[in-house]
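Engineer: Predicted structure and sequence below. I'll ask about it afterward.
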Amino acid sequence: MSDFYHEGNRSLQDRFDTRRLADRIEERLVVDRIGEADKAYIESLDMFFLATADDDGQPSCSYKGGEPGFVRVVDAVTIAFPNYDGNGMFLSMGNVVRNARVGMLFIDFERQRRLRISGEARISADDPLLGEYPEAQFIVRVTVTRVFPNCPRYIHRHALVERSSFVPKSGCSTPVPNWKKSDWAADVLPEDDPARR
């Protein structure tokens, strides 16, 4: 008996006569390991979306961006990525502390491809990869439970115009975002925040 679908999924599959199709997708496309082609795809991207939920089930979805390859496939069942300075709310990462289950959606808007990964995340302030990501606060490692492609037909095709200048890089200073200079934020920034200089 599959644990991939719950009764909510099944009731809609039955209503729209897609149960057989859903079962075939699970049987043929859903795996518990990252293959070489998916590894190359993930590591070529510069962004993904992260879904988390707190221990009461309140969801959060966030965008995570970096240089291409900032998400690493460490091995067939482990993904790692850095957490960079944000707005200090730690909504997604705070959820990970309370509920390790996450969903990751990787989309390539130019090649119109997407991939879903489910797994369990943990935060590490002393991960061996930390030194490889300038200005990273910590590393998030995800132990993969499910990997599967997602139908790309509704992905709107977009082209990259410019990568964010705020992504930390070795050998150069990261600019301070304007919002940190605002009256409402400047006096409550962390003591070691570069915007205080």
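Structural biologist: Great, that's in hand. Numbering: from 1, shown residues only.

Engineer: Now tell me which helix or strand of the chain has the poorest mean pLDDT.
Structural biologist: Across the helices and strands of the chain, mean confidence by mean pLDDT, DSSP states H and E is lowest for helix 183-186: a mean of 90.

Engineer: Identify all contacting residues around it.
Structural biologist: By CB atoms under 8 Å, 6 or more residues apart in numbering, the residues outside helix 183-186 that reach it are 179-180, 195-196. C-betas here are computed from N, CA, C, even on glycine.

Engineer: Out of those residues, which end up buried?
Structural biologist: Buried by 16 or more other CB atoms under 10 Å: 180, 195, out of those.

Engineer: Next, name the residue at the spatial heart of the chain.
Structural biologist: The residue lying closest to the centre of the chain (CA atoms, centre = their mean) is residue 50, at 3.7 Å.

Engineer: Can you say which helix or strand has that residue in it?
Structural biologist: Here residue 50 sits within strand 47-53, counting by DSSP states H and E.

Engineer: Which positions within the following helix or strand past that strand qualify as buried?
Structural biologist: Heading C-terminal from strand 47-53, the first helix or strand you meet, by DSSP H and E, is strand 59-65. Neighbour counts over strand 59-65 (16+ other CB under 10 Å) mark residue 64 as buried.

Engineer: Using CSV, write out every CA atom in strand 59-65.
Structural biologist: Coordinates of the C-alpha atoms in strand 59-65 are reproduced here as CSV (Å, rounded to 0.1, in the frame of the first residue of the first chain):
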residue,chain,number,x,y,z
PRO,A,59,3.0,26.6,6.0
SER,A,60,5.6,28.9,4.6
CYS,A,61,7.1,29.0,1.2
SER,A,62,10.3,30.9,0.4
TYR,A,63,12.6,31.6,-2.5
LYS,A,64,16.2,30.7,-2.1
GLY,A,65,18.8,32.1,-4.5
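
Engineer: Identify all contacting residues around whichever helix or strand comes after it.
Structural biologist: Note on strand 59-65: by DSSP H and E, the next helix or strand toward the C-terminus is strand 72-75. With contact meaning CB under 8 Å, 6+ apart, strand 72-75 is reached by 34, 38-39, 42-43, 79-81, 129, 141.

Engineer: And the next helix or strand past strand 72-75?
Structural biologist: The C-terminal neighbour of strand 72-75 among helices and strands, as given by DSSP H and E, is strand 78-83.

Engineer: Quick one: mean pLDDT over that next one.
Structural biologist: For strand 78-83, mean pLDDT is 98.

Engineer: which secondary structure elements does that strand contact?
Structural biologist: The helices and strands touching strand 78-83, judged by 3 or more CB pairs under 8 Å, 6 or more residues apart in numbering; DSSP states H and E, are strand 72-75, strand 113-124, strand 138-149.
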